[in-house]
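Asks: Show me how the following folds:
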Amino acid sequence: MSLSQRERTKILSSIKARVLKHHINVADVSYDSWATIFDERASQLLSGGTDVFETGVQGLLSELGTSHTRFYHECPNQVLPQHSINATLHSFPQAGGGANWIFLDVFEDGPADMAGIKPGEMLVAVDNTRYVPPSMPPFRLGGTYKLRVSNIRGEDHRDIVINVPSKRAARRLPIVESKGLAHATVAPNMGLVKITYFRGEMGMRFSRELDATIKALKEQGCKRLIIDLRGNVGGGLGFARLASYMCPGQIPIGNSLTPGRLRKGYQRESLPRVPMPRNRAELLFALARFTFQDKSLILLTQGLGPQPFHDNIVLLINECTNSAAEIIASFASENRLATIVGKKTPGNVLGQAYFRVGSGYWLCLPVFGWYTSQGNSLEGKSVLPDVVVDIDPLLLSTGIDQQMEKAIEILSDTNGAGVGSA
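Replies: Numbers count the residues shown, from 1 in each chain. Sure, this is the predicted structure:
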């Protein structure tokens, strides 16, 4: 696809206007300086290839210093592995120098899982082209790819064909949605909830699925619970339903903040306190309440009452635990509701919106700040585990998940005494 100078000018003008009006400036960037840089570089982007234009625009947006800031076409040429084949990649250093990609999180029933890829396997090449860190393979929605994988030692090569479903943008970043939610019993009276995506902007569907999951685990006698958020890509408000199952009463999960309220200043105690809606009627009421007023608020849990696994929860995180999943991890950590196990998270926690900017292109822009129940911003800051456990790719390739084993060990050693203060 070739963009005319007129189309590029329109796109750039729309992006600049949207940023200056809607962007949440948690990085304290000077918009005057940014606008000057934008104008200087924009003139250079009116000619040249489309790839150069897209890369240049993304570079301008990176100057804002915030996550959830992306420029993309509704039919993008490159989508992150977790958003396309439903698997995360981990850089694995080699003894002789350099590094290779290994598969870390493989989401159940996703394209990678359906093709037979296992955690701990090494990615050798895609369509006969070798990719090594930090270069990511260019997966495209609707594409078919031949992957060469091997064991961690670079032996036993095999070729796998992966078909990535096609999906256009519809007021959000186009991604292949993972199954999102799965559960199992991993030991007597010990349940596992694996969440890779909080599906649905308002979270109603996810909440129903989580309710059914928790009900099934309780019927199986679950009194200890592992919540696995490794590789979670984020998602919608369903995270608040999960938070509500982690404590009996209504307590703050955190608060959102609009650009206007951030510029004017505010007192956190004066913000409206709003429980996560439990059903469609409560959701419609909440939406109507905030239609014509600032949407900064303190989000509360729903008060679901005591659960048999309270004080016996372990939450798993890693370097691929993102956005809404980081909100859950920080909520659990600050309120001592679970023992956090794994690796620190990346610190990508902002609320985004999507804007059409012309010629099939979209702008993903952070428009809400998020602050924890203790008033701390998570953007650019990691959630740290209570118990640090790294993954040994050699063991992972043999099916040994050290982080999961540590979670089971912690809960097995509690004898019902509780792990929240571990």
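Asks: Q250 is in contact with L300, correct?
Replies: Yes - in terms of Cβ atoms under 8 Å, L300 counts as a neighbour of Q250; the distance is 4.8 Å. C-beta: built from backbone N, CA, C; applies to glycine.
Asks: neighbour count winner among those two?
Replies: Between L300 and Q250, L300 has the larger neighbour count (other Cβ atoms under 10 Å), namely 20 against 14.
Asks: and the gap between the more buried one and G375?
Replies: Counting by Cβ to Cβ, to the nearest Å, the gap from L300 to G375 is 15 Å.
Asks: intersection of neighbour lists for L300 and Q250?
Replies: P275 (Cβ atoms under 8 Å, 6 or more residues apart in numbering).
Asks: Report how many residues lie close to A338.
Replies: A338 has 28 neighbours, counted by other Cβ under 10 Å.
Asks: how far away is it from M246?
Replies: Noted for A338: a distance of 7 Å to M246, by Cβ to Cβ.
Asks: Need the residues touching each of those two.
Replies: 313, 332.
Asks: L315: what secondary structure?
Replies: Recorded secondary structure, L315: strand (DSSP: H, G, I helix; E, B strand; the rest coil).
Asks: Excluding covalently adjacent residues, which one is nearest to it?
Replies: The shortest distance from L315 to any non-neighbouring residue, by Cβ to Cβ, 6 or more residues apart in numbering, is to A338 (4.3 Å).
Asks: cool, N163 as well?
Replies: N163's closest residue in space is T144 (Cβ to Cβ, 6+ apart), at 5.2 Å.
Asks: any chance you could read off phi and psi for the one you found?
Replies: phi -120, psi 130 (degrees, to the nearest 10).
Asks: That one against V161, yeah?
Replies: Yes - contact between T144 and V161 holds when scored by Cβ under 8 Å: they sit 6.6 Å apart.
Asks: about what we covered before: phi, psi of the residue nearest to L315?
Replies: Dihedral angles (degrees, to the nearest 10) for A338: phi -160, psi 160.
Asks: isn't it right up against A243?
Replies: No - at 10.8 Å, A338 does not count as touching A243 under the criterion of Cβ under 8 Å.
Asks: Give the residues shared as contacts by those two.
Replies: Shared between the contact lists of A338 and A243 (criterion: Cβ under 8 Å, 6+ apart) are residues A332.
Asks: need the contact list for G221.
Replies: Per Cβ under 8 Å, 6+ apart, neighbours of G221: 188-189.
Asks: Starting from I37, give me the distance back to it.
Replies: From G221 to I37 the distance is 60 Å (Cβ to Cβ).
Asks: try I251
Replies: Going from I251 to I37 by Cβ to Cβ gives 43 Å.
Asks: Pull out the buried residues from stretch 175-191.
Replies: Within stretch 175-191, the residues scored as buried using 16 or more other Cβ atoms under 10 Å are 175-183, 189-191.
Asks: Would you reformat these as JSON lines and include distance to V57, pLDDT and secondary structure?
Replies: Output for the buried residues of stretch 175-191, formatted as JSON lines (distance: Cβ to Cβ, whole Å; pLDDT from 0 to 100; DSSP: H, G, I helix; E, B strand; the rest coil):
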{"residue": "I175", "distance to V57": "20", "pLDDT": "84", "secondary structure": "coil"}
{"residue": "V176", "distance to V57": "24", "pLDDT": "87", "secondary structure": "coil"}
{"residue": "E177", "distance to V57": "26", "pLDDT": "85", "secondary structure": "coil"}
{"residue": "S178", "distance to V57": "28", "pLDDT": "83", "secondary structure": "coil"}
{"residue": "K179", "distance to V57": "33", "pLDDT": "82", "secondary structure": "coil"}
{"residue": "G180", "distance to V57": "31", "pLDDT": "83", "secondary structure": "coil"}
{"residue": "L181", "distance to V57": "35", "pLDDT": "94", "secondary structure": "strand"}
{"residue": "A182", "distance to V57": "37", "pLDDT": "94", "secondary structure": "strand"}
{"residue": "H183", "distance to V57": "42", "pLDDT": "96", "secondary structure": "strand"}
{"residue": "N189", "distance to V57": "53", "pLDDT": "96", "secondary structure": "coil"}
{"residue": "M190", "distance to V57": "49", "pLDDT": "98", "secondary structure": "strand"}
{"residue": "G191", "distance to V57": "46", "pLDDT": "97", "secondary structure": "strand"}
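Asks: any idea which of these is closest to R70?
Replies: I175 (11.6 Å; Cβ to Cβ).
Asks: quick one: the closest one and P81 touch, right?
Replies: No - using Cβ under 8 Å, I175 makes no contact with P81, being 11.0 Å away.
Asks: Show me the protein divided up by domain.
Replies: With domains defined by automatic domain parsing, the chain comprises 84-163, 181-351+368-412.
Asks: Which one, of those, ends up nearest to V52?
Replies: The closest of the domains of the chain to V52 is domain 84-163. By Cβ to Cβ, the value is 15.7 Å.
Asks: Quick one: mean pLDDT for that closest one?
Replies: Over the span of domain 84-163, the pLDDT mean works out to 93.
Asks: repeat for stretch 267-279
Replies: Averaging pLDDT along stretch 267-279 gives 85.
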